[in-house]
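*Asks:* Just need the structure, nothing else, for what follows:
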Amino acid sequence: MASQLGFYINQSRCSGCNACFMACKDKNELDDDRNYRRVWESKSGGFYEQEGEGLTHNVIAAWLSMSCNHCDKPACVDYCPTGAMRKNPKDGIVFADISVCKGVQVCIVKCPYGAPQFNQSTWKISKCDMCADLREKGEEPACVAACPLGNIEYGPIEELRKKYGNLAQVTGLPDPSITKPNLVITPQK
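*Replies:* Modelled structure (predicted):
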């Protein structure tokens, strides 16, 4: 493999604007039931009364933009009974070969990140391919280009890890040892 591609997500600066989500939906002409990229909201904490000081809080709200992580050990590929889910040997991108897909949907059940999506009109699986068509023309994936704060980057995962570290898990995500995602996250502080 030439160089495994991956994503960097700066959760600490994400405003939850959903520009990445909408750019992905528009570029891929996705119906309401399919989302290759999602923006997850997590919130915790609450308000409480502190003796002698009145009302205070420990409220935290954070957003995380997430799509396929093009894992080193992709469960969707490992469990696909038809061989439709594949990993490109050139760049490590996990993709669905719809000419082979029978719509069995085991990949949906097995992916801990919810990346494969079922297309009701074709009865086939579809998913993020990191905008292979745009990358082929030297352009960025739609989600990367659309983020107004520059919180999403893509590139060779080793370069992203050298630049940003190795963290690939925050609250709400599965243990990265399961599939070894090609993802780096700067978490919410």
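*Asks:* Could you use CA atoms for every contact and neighbour count after this?
*Replies:* Fine.
*Asks:* can you give me the helices for the chain?
*Replies:* Using DSSP state H, the helices of the chain run over residues 19-28, 75-79, 106-110, 132-136, 142-146, 157-164.
*Asks:* who's in contact with the fifth one?
*Replies:* Helix 142-146 is contacted from outside by 19-21, 23-24, 27, 37, 131, 134, 150-154, using C-alpha atoms under 8 Å, 6 or more residues apart in numbering.
*Asks:* mind redoing it with 7 Å?
*Replies:* The list of residues contacting helix 142-146 from outside it, by C-alpha atoms under 7 Å, 6 or more residues apart in numbering, reads A19, C20, F21, A23, C24, K27, C131, I152, E153.
*Asks:* Please name the spatially closest residue to the last one (chain neighbours excluded).
*Replies:* The one in question is E153. With C-alpha to C-alpha, 6 or more residues apart in numbering as the criterion, E153 has its nearest non-adjacent residue at 5.0 Å, and that residue is Y8.
*Asks:* cool, G45 as well?
*Replies:* Distances taken as C-alpha to C-alpha, 6+ apart place V59 nearest to G45, at 4.3 Å, with adjacent residues excluded.
*Asks:* and Q120, what does it touch?
*Replies:* With contacts defined as C-alpha under 7 Å, 6+ apart, Q120 has no neighbours.
*Asks:* rerun that using 10 Å as the cut-off
*Replies:* D31, D33, R34, G103 (C-alpha atoms under 10 Å, 6 or more residues apart in numbering).
*Asks:* Likewise for T122?
*Replies:* Contacts of T122 by C-alpha under 10 Å, 6+ apart are I98, K102, G103.
*Asks:* next one: D26
*Replies:* Taking C-alpha under 10 Å, 6+ apart as the test, what D26 contacts is C20, A142.
*Asks:* so what's the residue nearest to the spatial centre of the chain closest to, chain neighbours aside?
*Replies:* By C-alpha atoms, centre = their mean, the mean C-alpha position of the chain lies nearest to S67, the distance being 1.9 Å. Distance criterion C-alpha to C-alpha, 6+ apart; nearest residue to S67, sequence neighbours excluded, is R37 at 4.3 Å.
*Asks:* The one you found against F21, yeah?
*Replies:* Yes. Using C-alpha atoms under 10 Å, R37 is in contact with F21, at 5.3 Å.
*Asks:* any chance you could map the strands in this protein?
*Replies:* 5-10, 38-44, 47-50, 54-57, 60-66, 85-87, 94-96, 117-119, 124-126, 152-156, 183-186 (DSSP state E).
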